[in-house]
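A.B. asks: Output the structure for:
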Amino acid sequence: MMNCLNHIGMSVKDLNRSVAFYRDLLSMEVLIAPQPFSGKIYETIMAISGVAGKVAVLKKGSVEIELFQFSTPCPSGGSEPRRVCEHGISHFCIEVSNIESEYRRLKDAGVVFHCAPQNFQDAALATYGRDPDGNIFELLEMLQKPSL
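C.D. replies: Numbers count the residues shown, from 1 in each chain. Presented below is the predicted three-dimensional model:
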């Protein structure tokens, strides 16, 4: 039986920079400070021989974000910025209570957004922003409770 979404894992270029972004700008709590990882268990679960790097875990509400900085093998990178329509995880969403205030605060801190918050039929306001590695997060303010 599936219980709940536990965490989201992301590969990042600079772990300390990403931890600072999620901790300082998105108000996430650091559960596991950056620490090295390597060994057979990681090689097995990731299906990468000789995999090594650093990992950190942050939390907001009931969802955790696991950030990996790989030293071995060296990531090949990808096209920057990755378009939302590309296969794979397109974004994760953070619900906020005052999107205009959060949008301005993050924009003033240098966060890049696709657009200002958009109104979805007076049910919600939303916008997409990017972390330092181009990963997309959504800010969402619910204006009405969804009907069942």
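A.B. asks: Just the buried positions in stretch 59-69, please.
C.D. replies: 63-65, 67-69 (16 or more other CB atoms under 10 Å). C-beta here means a position set from N, CA and C on the backbone, and glycine is covered the same way.
A.B. asks: again with stretch 66-80
C.D. replies: Those would be 67-70, for stretch 66-80 by 16+ other CB under 10 Å.
A.B. asks: now stretch 42-59
C.D. replies: Neighbour-count burial for stretch 42-59 [16+ other CB under 10 Å]: 42, 51, 53-58.
A.B. asks: Other residues contacting the lengthiest helix in the chain?
C.D. replies: In the chain, assigned by DSSP state H, the helix with the most residues is helix 99-108. Contact with helix 99-108 is made by 25, 96, 113, 116-117, 125-127, 129, 139-141, as judged by CB atoms under 8 Å, 6 or more residues apart in numbering.
A.B. asks: which element follows that helix toward the C-terminus?
C.D. replies: strand 112-113 (DSSP states H and E).
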